[in-house]
Structures are given as C-alpha cells and as structure tokens.
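> Give me coordinates for this.
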Amino acid sequence: MLRLQSEVMFAVDPAFVATSHLLLELSLCQARLQDDARYPWIVLIPRIAGARELEDLSGADQTLLMAEILAAGRATRALGEVAGRPVEKLNIGALGNVTPQLHIHVVGRRADDPAWPAPVWGHSPSLAYESEALARTLETGRAALQDSKS
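Sure thing, here's the model as predicted:
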C-alpha cells in the first residue's frame, strides 16, 4: 500500500520532461529517451515520490531497479544498432547533482563518440533527434523494453 501511495504522489521533475521523451512505464521506473541523438541514452526514474538516493528504495525495489537497469542496457544496445552505431560500452550512473530526483542514466558509448572517454554530462550541447529518427528510436526502445517485460 505504501508503494501505491508513493506512486500516486510521484511526478517527474520538469527537467526530465524538457530533455527527454517517454518510452515506457516499467514495473518500477518510468523509462525515458534522452533527447541527444549522439548517444543511445535511457533514463530510468523510479516512480517513488521523494526518492533521491538508492537507499530510499525498499530492498525489493532495489532488486527490481537492477533488473530494469539491465533491461535498459539491452534496450540501449538496440538503440545503438538501429542508429548504425553499435554500443561498445554501457555507462550506468546515478548522479543527481543537478536534478536530485532519483534517476539512473544508461548511456551507450563508443570510442568515436564526441565525449569519449570523458563523461557525456556537460561535454557539449545536446543534439536533438530529427522527427523521423526520433520516431524510429522511440519505437525501437519501446519494443526492446517491452520484450524485457515479457
């Protein structure tokens, strides 16, 4: 019951709404595509009101979050494939220094990407998806995440 009450009060920080697109509602997290076409990049936001740290999740939700991170990793790899830029390394991070709402970045990296080997955060302005590429990327991400739910 506590989790249900927390989900009712949950709201995505406006910073995520402005910089990403909804992919899918998973069991615990809202999965969003980061609007930067240079990187296959999924952000997972646990639907737990007030959560800022991993320790704010119950043990069961921590376990579920790990499963959803792994699913997002597979989906991120699928995004790289559809873009013709296969992922060589997954970067997974929960920073929250700028936007404190608990969220986990799952970023597909390549040795030839613009920020390599440095972090993608703050490297340079993002490059928004063009409409056709966005539609294709959202479809691929949703299908890959949906496959993970089955």
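> Just want to check the distance between the closest residue to Asp61 other than its chain neighbours and Thr137.
The spatial neighbour of Asp61 that comes closest, neighbours along the chain excluded (CB to CB, 6 or more residues apart in numbering), is Leu28 at 5.8 Å. Using the backbone N, CA and C atoms, a C-beta is placed for each residue, glycine as well. As judged by CB to CB, to the nearest Å, Leu28 and Thr137 stand 23 Å apart.
> now swap in Gly122 and tell me
Between Gly122 and Thr137 the distance, using CB to CB, works out to 23 Å.
> Compare these two and say which is more crowded by neighbours.
When neighbours are counted by other CB atoms under 10 Å, Thr137 comes out ahead of the other of Gly122 and Thr137, with 21 against 8.
> ok, the more buried one - contacts?
With contacts defined as CB atoms under 8 Å, 6 or more residues apart in numbering, Thr137 is in contact with 33, 37, 40, 79, 82-83, 129.
> all helices of the chain, in order?
2-9, 14-19, 59-82, 131-149 (DSSP state H).
> Return the most buried member of the ones you listed.
Across those, averaging neighbours per residue (mean count of other CB atoms under 10 Å) puts helix 59-82 on top, at a mean of 18.
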